[in-house]
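# Just to be clear, the model below is a prediction. Sequence and coordinates:
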Amino acid sequence: MLEVLGLLTVGVVAGVVSTVVSLASIVSYPALLAFGLNPLAANVTNTVALVFTGIGAAAGSRPELKGQGPLVLRLGWITALGGATGALLLLITPSRTFELIAPFLIAIASVMLIRPPGLRPGGNHSTLMRAALFAVAVYVGYFGAAGGILMFAVLTAIMDQAPARVNAVKNVVSGLANCVAAVGFALFGPVQWWAVAPLAAGFLVGGWLGPSIARRLPGRSLPYLAAACGLAVSVKLGLDAFT
């Protein structure tokens with residue numbers, strides 16, 4: 001019962017963190033390790049449970065998602081395909097390469113978030129931006145730590161909209177990448193289902209609460225907050241990977 005309550009609490013906190021600053025796995029993944037799961041089992045279990053953050057975030061972001069359906073459809077198939085690719089890579093290859101490059105990817109994405117709007121490449125028909133979105137979705141399906149930061153940075157370059165609306169789209173298309181990866185892990189990965197249920201319930205609640213917090217943040221504070229958290233995570237992951 002204590003484990004269930006602990007994972008439920010972790011899920012709520014991680015769900016809120018995911019929808020506000022895109023760092024759910026930084027909360028939930030270490031918690032799963034602390035509950036005794038090995039790194040691979042913790043990774044795949046976390047990804048399966050994260051599907052419910054996307055569901056909760058979509059429900060809580062209805063004002064920001066109004067009129068965004070066509071854009072979500074255009075971008076969603078790219079992230080779904082990338083998530084499937086990342087899941088396949090995780091199941092057949094070691095994760096050491098991604099562990100080494102993840103700190104640099106996250107640091108670059110964090111800096112991208114705080115660039116002046118005029119310095120950002122735009123155009124949601126850009127082949128380069130779509131390729132970047134696919135690459136980030138592969139990362140989300142494969143390794144995932146701070147993958148939302150990368151997704152938020154790419155979508156900020158693609159979408160000329162308020163940060164809260166970009167964040168809402170990020171939550172949905174990231175959720176699609178997680179969902180497709182989760183299906184693969186559920187079929188072929190060592191998912192610990194006893195941990196999925198309470199963690200997923202917490203993710204659902206936290207994902208629903210998060211957008212209401214994000215829309216109350218003043219001005220452009222959301223990108224700066226996400227960037228600060230992302231840089232801190234990149235330093236931590238860098239220390240873990242190279243020491």
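Perfect, thanks for sending it.

# When you work out contacts or count neighbours from here on, use the C-alpha atoms and nothing else.
Noted.

# Any regions of this protein where pLDDT drops low?
Scanning the chain for pLDDT under 70 picks out 95, 98, 113, 115-125, 145, 219-220.

# Dihedrals phi and psi, the residue positioned nearest the centre of the chain?
Using CA atoms, centre = their mean, the residue of the chain that lies closest to the mean C-alpha position is residue 148, 3.3 Å off. The phi/psi pair for residue 148 (degrees, to the nearest 10) reads phi -60, psi -30.

# Next up, the contacts around it.
Listed by CA atoms under 8 Å, 6 or more residues apart in numbering, the contact set of residue 148 reads 18, 21, 22, 23, 140, 170, 171, 174.

# In this structure, mark out all the helices, start to finish.
2-21, 24-34, 39-60, 62-65, 69-92, 96-113, 127-142, 147-158, 163-188, 193-214, 221-242 (DSSP state H).

# Could you look over those helices and pick the most buried one?
helix 147-158 (a mean of 27; mean count of other CA atoms under 10 Å).

# And the residue lying closest to residue 142 once chain neighbours are set aside, how far from residue 199?
Closest residue in space to residue 142, ignoring its immediate chain neighbours: residue 86 at 4.2 Å, by CA to CA, 6 or more residues apart in numbering. Note on residue 86: its distance to residue 199, by CA to CA, to the nearest Å, is 22 Å.

# same question, residue 191
13 Å.

# same thing with residue 36?
In terms of CA to CA, residue 36 sits 15 Å off from residue 199.

# and what of residue 101?
From residue 101 over to residue 199 (counting by CA to CA), the distance is 28 Å.

# Now do the contacts for residue 155.
Residue 155 neighbours (CA under 8 Å, 6+ apart): 133, 166, 170.

# Correct me if wrong: the first one contacts residue 152.
No - under the criterion of CA atoms under 8 Å, residue 133 lies out of contact with residue 152, with a separation of 9.7 Å.
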